[in-house]
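> Pasting a predicted model and its sequence here:
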Amino acid sequence: MTTTRTIAERPRILLIGANGQVGWELRRTLATLGDVIPASLEGEYGPTIDLMDSAAMARLVEDSAPDAVVNAAAYTAVDKAETDRDIARRINADAVGELGALLAGRGTPIIHYSTDFVFSGNLDRPYREDDVPGPLNVYGETKLGGEQALLSSGARALIFRTSWVYGIRGANFLLTMLRLLKERDELRIVDDQIGSPTWSRMLASATALVLYRVLRGELDLEKVGGLYHLTGSGQVSWYGFASAILENAGLEANLIPIPSSEYPAPARRPLYSVLDNSLFQETFGLSMPDWRLSLKQCLDEKT
């Protein structure tokens, strides 16, 4: 049985993965809600967390005594995960389940992120939360395992599946394209994989708005907890995304659309992984901007 804690006037929010592209944005958005404890593998801004060490995770939770936890940490090297299976599973699945178990008895709410890669990409419509997963790669398998472990842990949890995350920090498609577009006159970009680009700033902002209501007791996670899709609105191919980056950045290059078969990679990717955000919108009364608008805002800020 879980217990619901009384939230302090200035709640303590444990942010795991504070150095990542989403975590970096969350440090700012969550600071409006309470005192953020930014834990990361490097411990650059706060305590170090070792997701490979169960006892260390338990000590961090005990010492920080959080009123809420946001877990933005993940093993996201999709291709490397194919040969780094054990570490990917530990970080993306086992550690998530253990974290949920630690928080369940405390009644502490947790928000966690998953991925569109839990799906096979065989549908011709946006995926809903109740569609059957079918990951094509180890990364997707381990993230699905994390979802399942957290949901079965008894924790008061919200899981946000997102996709094609980019921003002005970290390793992502936007920053890779900006670098390559300055180095090369011609780029070959996959055009048969379709998804929804999601700006890390928008993801962090939506998270903070939902967590604010949780901390104020306006949302009962016993009723609305669970799995939701949360991505930028609209859909596009990688080629289309690259073309929009080129246009908005005011750069010049020749982009050539190619099929996935001409860009082999160790991990298979779903050809269609657009997520349906309707349940999130209906439950929380929030909607994400169109990916084109978010991209323009992101690039305007970067420049």
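Looks like it came in fine. Numbers count the residues shown, from 1 in each chain.
> all helices in this structure, in order from the N-terminus.
Remark: helices of the chain, listed N- to C-terminal, are 21-30, 54-64, 85-89, 95-104, 138-151, 173-183, 200-215, 221-224, 238-249, 278-284, 291-302; assignment by DSSP state H.
> Just give me the neighbour total for residue 86.
Summarising burial for residue 86: neighbours were counted as other Cβ atoms under 10 Å, giving 12. All C-beta atoms are positioned from the backbone trio N, CA, C, and that covers glycine.
> Point out where this structure drops to low pLDDT.
Within the chain, the stretches with pLDDT under 70 are 1-8, 43-46, 303.
> Tell me which residue lies nearest the centroid of it.
Per Cα atoms, centre = their mean, the C-alpha nearest to the average position across the chain is that of residue 113, at 4.3 Å.
> Out of the helices of the chain, which gets nearest to residue 271?
Ranking the helices of the chain by their distance to residue 271 (criterion: Cβ to Cβ) puts helix 238-249 first, at 11.0 Å.
> Correct me if wrong: residue 39 contacts residue 50.
No - when contacts are counted by Cβ atoms under 8 Å, residue 39 is not listed as touching residue 50 (9.9 Å).
> Please say which of these two ends up with more neighbours.
Taking residue 39 and residue 50 together and counting by other Cβ under 10 Å, residue 39 has the greater number of neighbours (28 against 15).
> returning to that earlier point: who's in contact with the residue nearest to the residue nearest to the centre of the chain when sequence neighbours are not counted?
With Cβ to Cβ, 6 or more residues apart in numbering as the measure, residue 160 is the residue that lies nearest to residue 113, at 5.4 Å, once sequence neighbours are left out. With contact set as Cβ atoms under 8 Å, 6 or more residues apart in numbering, residue 160 has these partners: 111, 112, 113, 114, 203, 206, 207, 228, 229, 230, 280.
> pretty sure the fifth one contacts residue 29?
So that's residue 203. No - with contact taken as Cβ under 8 Å, residue 203 and residue 29 are classed as non-touching, separated by 9.4 Å.
> So for these two, which residue has more residues nearby?
Here residue 203 and residue 29 are set side by side on neighbour count (other Cβ under 10 Å), and the busier one is residue 203, at 26 against 20.
> from memory residue 191 sits against residue 261, does it?
No - the pair residue 191 and residue 261 fails to qualify as a contact (Cβ under 8 Å) at a distance of 11.5 Å.
> Which of these two has more residues huddled nearby?
Neighbours of residue 191 and residue 261, each counted by other Cβ under 10 Å, are more numerous for residue 191; the result is 19 against 8.
> Identify the residues contacting that one.
Shown here is residue 191, whose contacts under the criterion Cβ under 8 Å, 6+ apart are 237, 238, 239, 240, 257, 258, 259.
> got it, and residue 126?
Residue 126 makes contacts with 235, 274, 275, 276, as judged by Cβ under 8 Å, 6+ apart.
> try 10 Å this time
By Cβ atoms under 10 Å, 6 or more residues apart in numbering, the contact list for residue 126 reads 116, 196, 229, 231, 235, 272, 273, 274, 275, 276, 277, 278.
> Could you single out the nearest of those residues to residue 21?
Closest approach to residue 21 among these (Cβ to Cβ): residue 231, at 15.0 Å.
> contacting residues for the closest residue in space to residue 96 that isn't next to it in sequence?
Nearest residue to residue 96, sequence neighbours excluded (Cβ to Cβ, 6+ apart): residue 146, at 3.8 Å. Residue 146 makes contacts with 71, 74-75, 89, 91-97, 99-100, 112-115, 118, 159, as judged by Cβ under 10 Å, 6+ apart.
> how does it look with 7 Å?
Taking Cβ atoms under 7 Å, 6 or more residues apart in numbering as the criterion, residue 146 is in contact with 92, 93, 96, 114.
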